[in-house]
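*Asks:* I need the structure of the sequence given here:
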Amino acid sequence: MNTLHITPLAGALALLFLNGAARADDFVLQRVLVEGSRINQIGKTDSASSGTVNAKDLANRTVYRPGELLEATPGLIASQHSGEGKANQFYLRGFNLDHGTDLATFVDGMPVNQRSHAHGQGWTDLNFLIPELVTRLDYRKGPYSSTDGDFASAGKASLAYANRLVEPVASVTLGQDEYVRTVLAGSPEVAGGNLLYALELLKNDGPWTRPDGYRKINAVLRYSRGYSNNGWTVTGMHYRGHWNSTDQIPLRAVQNGQLGRFDALDLSDGGEAQRSSVSGSWRRTTDDAATALNAYVIRNQLDLYSNFTYFLNDPVNGDQFAQPDRRVTTGVDGSHTWHAYRGATVLSDFTAGFQLQNDNIFNGLYDTRARRRIATTREDHIVETSGALYLENATLWSDSLRTVVGMRANRYRFDVDGDRPENAGRAYDTLVTPTFSLAYAPWKHTELYLNYGHGFHSNDARGTVATVDPKSLNPVDATPGLVRSRGMELGLRTIAIPKMETTVSVYRLDFASELTYIGDAGNTEAGDPSRRYGVELSNIYRANKWLAVNFDAAYARARSRGGNPDGDRIPGAIEGVAQVGLTVDNLGPWSGALRLRYFGPRPLIEDDSVRSHASTTLNGRIAYRLAKDMRLELEGFNLTNRRDSAIDYYYESRLANEAQGVEDIHFHPIEPRTFRLTFVKNW
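*Replies:* Numbering: from 1, shown residues only. Purely as a prediction, here's the structure:
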């Protein structure tokens, strides 16, 4: 059984919709146990595109890498174009989110997105995640909540670790391509609380001609007392990984036989990453109020070496570049909610909250050859500080109608000091973002939603004070610190068909500018305003106690709105995705799952004359319980052994034997059919 902690208002709303009016004293739920997954979230969410996936359903997913856990969010795709230690590439709601821009990601209340990062804005590296500890994924799409700030315009994903495990666990996984993974975790009672510990060791060479050589160590130590709504935790985490990279390769070189699909052009590409954190949380809930406080200190380090154009810019040394990034991120956030009872049928929550974050960053961009520095493009010390205040009111007006109204004020300071005085300085930006959500239940088992809100993403601090391009030294205009988004959505959620939950949403999302920081070049690229329309469908059917079937599909139309003469398509913008899943559980000693994922074609340039191909993958797992405390699991990836691309780009590059640059598709292949066998022991 998994535990889902529901706020007093959400619990009250659920009770009203299910049971009608009741006494005010019945509304406050200190702890609620919920079994199942996305089934029956009527009265618990404020939009059709938000929801929760619990630990059991996350464990039933077959994931090649930790970041793919986020694919439990309907319509989201996690991909990879480099070595296993590099951050994933994400796609959602008509966005190529790169390594995380416009997808706000949190683990245990700590932000994962890294601002003003050396490689790309919003860098989201989830390789420190230990899936066995994840107890819940909460997802929300669109800028419709005042509690969400930077990077949350397309969506937000929050992963929570357990305070206590049902039982200790030890596992060993062996797979093809020198894959070995071991995990040990438990949570004994200590001094009136629980001490959660976990250790993960992993090695993986992958199918590449030059092995990935990915090695990582991952550890978690947490002490907690009480429950998640009335208690406190202190947590330490540490992760370290290093790897070689087989980055995307040009299609022409594969077609003429110069390269194999799993070959690399620069054998010295790769990197090393470290992440250490200490965090704490405190919660207090009474009949009349709820208070929450979180604080964290995160130290991130990255050394990344890449070469995407080979010999285009430097025919002698090649085009490899290094992007080191060192940062310490500190933050604290808190909220206080007052519960108000009005008569017998109306319940209102009023929440006031704040969020503070500071990033102290040292990063750079260097030309390198075989990881040896040969020239400096830029070096910077960045201090980026942000603060936000928000107010939100959630009111239940009747058995069938509730609203959530919010307002958020954001203030950012960008302080840049680097090796080039003309690109140093200080800038400020402020943005106020309103939000509104309405939920109406015309029938007992169906809700309709209307959502409207403003959001934003921050731009790289270096662009806010830049006056010259660090490569060409040509004059450039400074960019705004914060870029506004505006979204609206209509949705429906119904459980009218027994054992089935269906959600449908139609949305529009506008961005004032597609401004992005190009870490590979050390400058800011200004884009036109954009608009995205889309429709999403999510359907899950619990046929019986041992069989569940789900189907998710999404389509988006993304267009720039600035009158670009080259065309109005947004390169890499996702259009169509779909997933079909079949899960079998509690069938005697047997359990298993199959998941078919469709990743549709995308425009690669503005006039849509070059497009990527679609990719379709089938993954699965089968498990057999040897005893009450032992089981074997066999996982299979790309079971049909398709030769598809994980990702595609279109740009100019030059091979060593070419006289000049050639515009071409550059792709990273999906891994061939791969199997992994896991032995799990509990006690």
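
*Asks:* which intervals of the protein have sub-threshold pLDDT?
*Replies:* 1-40, 343-346, 516-524, 526 (pLDDT under 70).

*Asks:* which stretches in it count as helices?
*Replies:* With DSSP state H, the ranges of helices along the chain come out as 8-19, 55-59, 251-255, 461-465.

*Asks:* buried set for the second one?
*Replies:* Residues of helix 55-59 classed as buried: 55, 57, 58, 59 (neighbour count, 16 or more other C-beta atoms under 10 Å). For every residue, glycine as well, the C-beta is placed using N, CA and C.

*Asks:* closest to residue 680 out of those residues?
*Replies:* Distance ranking of the buried residues of helix 55-59 against residue 680, using C-beta to C-beta, places residue 59 first at 10.5 Å.

*Asks:* now do the contacts for the closest one.
*Replies:* Contacts here follow C-beta atoms under 8 Å, 6 or more residues apart in numbering; on that basis residue 59 touches 131, 132.

*Asks:* separation between it and residue 171?
*Replies:* With the distance defined as C-beta to C-beta, to the nearest Å, residue 59 ends up 12 Å from residue 171.

*Asks:* got any residues that touch both of these two?
*Replies:* The contact sets of residue 59 and residue 171 overlap at residue 132 (C-beta under 8 Å, 6+ apart).

*Asks:* ok, of the buried residues of helix 55-59, which one's closest to residue 553?
*Replies:* Minimum distance to residue 553 across the buried residues of helix 55-59 is 18.5 Å, recorded for residue 57 (C-beta to C-beta).

*Asks:* beta partners for the residue most central in space within the chain?
*Replies:* The central residue of the chain, meaning the one whose C-alpha is nearest the mean C-alpha position (C-alpha atoms, centre = their mean), is residue 105 at 4.6 Å. Listed beta-bridge partners, residue 105: residue 157 (assigned using DSSP bridges).

*Asks:* and residue 54, by the same measure?
*Replies:* Each beta-bridge partner of residue 54 is listed here, defined by DSSP bridges: residue 136.

*Asks:* hmm, back to that, let me have the buried residues of helix 55-59 in TSV, extended by distance to residue 99.
*Replies:* Formatted as TSV, those follow (distance: C-beta to C-beta, whole Å):
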residue	distance to residue 99
55	26
57	26
58	22
59	26
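
*Asks:* so which of the residues you listed comes closest to residue 458?
*Replies:* Nearest to residue 458, judged by C-beta to C-beta, of those is residue 58 at 29.7 Å.

*Asks:* for residue 233, see how far away the closest one is.
*Replies:* Using C-beta to C-beta, one obtains 20 Å as the distance from residue 58 to residue 233.

*Asks:* ok, and the closest non-adjacent residue to residue 267?
*Replies:* When the adjacent residues along the chain are set aside, residue 267 lies closest to residue 210, with 5.3 Å between them (C-beta to C-beta, 6 or more residues apart in numbering).

*Asks:* wait, isn't the one you found in contact with residue 247?
*Replies:* No - at 11.1 Å, residue 210 and residue 247 do not qualify as touching, with contact defined as C-beta atoms under 8 Å.

*Asks:* mutual contacts of those two, please.
*Replies:* Common contact partners of residue 210 and residue 247 (C-beta under 8 Å, 6+ apart): residue 264.

*Asks:* which ones are touching residue 482?
*Replies:* With C-beta under 8 Å, 6+ apart as the criterion, the residues that contact residue 482 are 410, 412, 429, 430, 431, 456, 457, 458, 459.

*Asks:* contacts for stretch 218-235 next, please.
*Replies:* For stretch 218-235, the surrounding residues in contact (C-beta under 8 Å, 6+ apart) are 3, 5, 30-31, 108, 128, 130, 133, 161, 163-164, 185, 190, 192-202, 236-239, 277-285, 290.
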